[in-house]
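K.L.:
Below is the structure, and that's it, no one-letter string:
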């Protein structure tokens with residue numbers, strides 16, 4: 001079964017809006033695992049507008065499933081990852097002022113840079129994943145960087161799902177197949193939700209993991225965290 005990693009950035013956003021420690025990011029992470037999540041994802045940004053670097057360090061000894069840290073591999077981020085040593089690091093080419101992740105890597109243009117960064121993470125025993133658009137050329141070329149996996153950037157699928165699901169999923173199937181044939185594992189994330197998740201997961205071959213945050217935390221406001229995680233896990237079956 002495809003694993004569910006819960007991105008808890010939005011929990012930190014709510015906390016930071018008021019100050020203090022409500023909601024408690026660390027407790028939410030532990031509760032997500034208790035309720036069945038198979039991983040915890042965080043995406044610290046330079047301005048620390050949601051997850052803070054201190055949160056990442058505090059989470060490391062508490063996460064008992066898979067800890068996945070996402071971000072742009074700039075010096076401070078690399079230093080953080082090497083200190084924390086998560087099970088997985090996901091490299092995302094987001095600009096510092098980006099509201100959210102909005103593009104995948106050009107794995108041809110940035111091959112040498114990515115090779116260097118990935119080699120350093122591998123030296124410390126950290127599995128790597130590269131954020132890519134649903135483009136079979138970029139997915140296939142990702143293998144040349146030495147990465148272990150790619151994460152398919154699913155925003156376009158989510159946007160077009162309600163218009164034409166089969167058309168929306170087609171480029172992702174092609175990119176996933178190209179990545180798999182190149183020897184890469186396949187993750188996915190961005191705007192996946194309870195409406196589109198089962199359709200996506202059932203049609204993407206060899207899908208190992210999805211990372212979901214915004215929709216899942218939003219659903220939990222209505223359904224509660226335990227019920228929400230249960231529904232997402234069911235959608236992945």
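P.N.:
That came in fine, so what should we check first? Every value quoted in this text rests on a predicted model; they were computed, and no experiment measured them.

K.L.:
When you work out contacts or count neighbours from here on, use the C-alpha atoms and nothing else.
P.N.:
Fine.

K.L.:
Quick one: residues contacting residue 67.
P.N.:
By Cα atoms under 8 Å, 6 or more residues apart in numbering, the contact list for residue 67 reads 39-41, 60, 86-88.

K.L.:
Mind checking which of those are in helices?
P.N.:
Among these, DSSP state H puts none in helices.

K.L.:
Can you tell me which of those lies closest to residue 132?
P.N.:
Taking Cα to Cα as the measure, residue 132 lies nearest residue 88 of those, at 16.1 Å.

K.L.:
Near the closest one, how many residues? Count them for me, please.
P.N.:
Applying other Cα atoms under 10 Å, we find 21 residues neighbouring residue 88.

K.L.:
That one touches residue 71, doesn't it?
P.N.:
No. Look at residue 88 against residue 71 with Cα atoms under 8 Å: they stay out of range, at 11.5 Å.

K.L.:
buried sites along the lengthiest helix in the chain?
P.N.:
For the chain, the longest helix by residue count, based on DSSP H, is helix 165-181. Of the residues in helix 165-181, 165, 168-169, 171-180 count as buried by neighbour count, 16 or more other Cα atoms under 10 Å.

K.L.:
Distance to residue 222 and pLDDT added to the residues you listed, as TSV?
P.N.:
Formatted as TSV, the buried residues of helix 165-181 follow (distance: Cα to Cα, whole Å; pLDDT from 0 to 100):
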residue	distance to residue 222	pLDDT
165	26	98
168	28	98
169	28	98
171	33	98
172	30	98
173	32	98
174	35	98
175	35	98
176	33	98
177	36	98
178	39	98
179	37	98
180	37	98
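
K.L.:
Show me the contact partners of the longest helix of the chain.
P.N.:
For helix 165-181, contacts defined as Cα under 8 Å, 6+ apart pick out 134-137, 139-140, 142-143, 150, 152, 156-158, 160-161, 185-186, 200, 203-206.

K.L.:
Give the pairing partners of the helix or strand just after it; include direction for each.
P.N.:
Per DSSP states H and E, helix 165-181 leads on to strand 185-189 as the next helix or strand towards the C-terminus. Strand 185-189 sits in its sheet next to strand 149-153 (parallel), strand 207-212 (parallel), going by DSSP bridges.

K.L.:
got the buried residues for the helix or strand harbouring residue 202?
P.N.:
Counting by DSSP H and E, the element that carries residue 202 is helix 197-203. Neighbour-count burial for helix 197-203 flags 197-201 (criterion: 16+ other Cα under 10 Å).

K.L.:
and the residue nearest in space to the middle of the chain, what does it touch?
P.N.:
Geometric centre of the chain, nearest residue: residue 211, 4.2 Å, by Cα atoms, centre = their mean. If you count contacts by Cα under 8 Å, 6+ apart, residue 211 has them with 4-7, 41, 187-190.
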